[in-house]
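S.K.: Can you look at this prediction? I've put the sequence above it.
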Amino acid sequence: MRFDTGRRPSTALVAIALAGLALAGAAACGQATPTAATGPGTPAGPGTPAATTPAGPAATVSPTATAAVRTTTAPAAPARTLDPRIADACDAVTAARRTAVDALAPVAAVLGRSGLSHDDLAKATTDLNAVYTAMHVGVAGSAELTADAKLKAKISAYQLAVEQAIVAVEGSDGEQAKLRAVIESPAMRTAEKAVLSACA
């Protein structure tokens with residue numbers, strides 16, 4: 001019996017090729033098979049990527065909160081400083097006024113009482129004269145400490161008011177009403193206010 005050996009190699013090659021195609025098709029089908037989605041809270045299995053939740057919009061700061069922060073962190077306003085051209089004069093005139101006010105307080109308290117004796121009125125007259133004389137010296141000296149024309153004019157008006165107070169005390173003849181009127185002089189208050197405003 002004669003065997004046909006010429007067709008066997010072709011059959012074997014075809015079989016091998018078919019087997020290779022089958023394996024390739026199986027591999028391709030395995031890769032194309034989708035994996036089940038992992039739900040929230042379900043642990044992912046080995047090799048399975050964990051599901052991710054998209055991040056929400058970034059939090060924004062409201063204008064009100066921003067304004068509040070700016071308000072609380074705003075730097076404090078610097079303290080106001082006097083012009084060097086008037087600082088020394090202002091210090092001197094305010095010191096003279098303060099000393100006079102302190103010295104006038106007990107005299108005004110005495111003159112506010114009724115039934116004062118002649119000696120009481122005489123002492124009050126002397127005390128007032130001393131207070132205003134010392135004040136006049138201090139106010140006049142402060143005017144020499146500035147070259148500012150406006151401040152110098154206001155201090156000069158204040159000085160004139162003090163001089164008028166001295167004259168009024170000396171011409172009061174120890175009368176209680178006249179002495180009290182000197183202390184309460186509107187002209188003195190007006191001149192004083194002008195100086196203090198210029199030095200504020």
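M.R.: Everything's here; your move. All values reported here derive from a predicted model rather than from experimental measurement.

S.K.: Pull out the buried positions in the helix or strand hosting residue 100.
M.R.: Using DSSP states H and E, residue 100 falls within helix 84-111. By neighbour count with 16 or more other CB atoms under 10 Å, helix 84-111 contains the buried residues 86, 89-90, 92-94, 96-97, 100, 103-104, 107, 111. For every residue, glycine as well, the C-beta is placed using N, CA and C.

S.K.: swap in stretch 157-172?
M.R.: Quick answer for stretch 157-172 (16+ other CB under 10 Å): 158-159, 161-162, 164-166, 168-169, 172.

S.K.: Which elements pack onto the helix holding residue 100?
M.R.: Counting contacts by 3 or more CB pairs under 8 Å, 6 or more residues apart in numbering; DSSP states H and E, helix 84-111 packs against helix 118-143, helix 149-170, helix 176-183, helix 186-198.

S.K.: ok, back up a step: looking at the buried residues of helix 84-111, which gets the smallest pLDDT?
M.R.: Lowest in pLDDT among the buried residues of helix 84-111 is residue 86, which has 92.

S.K.: Next up, the contacts around it.
M.R.: By CB atoms under 8 Å, 6 or more residues apart in numbering, the residues touching residue 86 are 146, 148, 151, 198-199.

S.K.: Am I right that residue 187 is in contact with residue 162?
M.R.: No. The criterion here is CB atoms under 8 Å, and residue 187 misses it with residue 162 at 10.0 Å.

S.K.: now, which of the contacts of residue 86 sits nearest residue 129?
M.R.: Residue 129 has its nearest neighbour among the contacts of residue 86 in residue 199, at 26.8 Å by CB to CB.

S.K.: Spit out the contact partners of the nearest residue to that closest one once chain neighbours are set aside.
M.R.: Residue nearest to residue 199 in three dimensions, not counting chain neighbours: residue 90, with 3.5 Å by CB to CB, 6 or more residues apart in numbering. Residue 90 is in contact with 82, 142, 151, 198-199, counting by CB under 8 Å, 6+ apart.

S.K.: who wins for neighbours among those residues?
M.R.: Using other CB atoms under 10 Å as the neighbour criterion, residue 142 leads these with 26 neighbours.

S.K.: quick revisit: let me have the contacts of residue 86 in a markdown table, extended by pLDDT and distance to residue 132.
M.R.: Output for these, formatted as a markdown table (pLDDT from 0 to 100; distance: CB to CB, whole Å):
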| residue | pLDDT | distance to residue 132 |
| --- | --- | --- |
| 146 | 93 | 22 |
| 148 | 94 | 25 |
| 151 | 96 | 22 |
| 198 | 94 | 22 |
| 199 | 94 | 21 |
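
S.K.: For residue 182, see how far away residue 164 is.
M.R.: Using CB to CB, to the nearest Å, we find residue 164 at a distance of 9 Å from residue 182.

S.K.: State the number of residues packed around residue 178.
M.R.: Neighbourhood size, residue 178 [other CB under 10 Å]: 14.

S.K.: Which residue, other than its chain neighbours, is closest to it?
M.R.: That would be residue 172: by CB to CB, 6+ apart, it lies 3.8 Å from residue 178.
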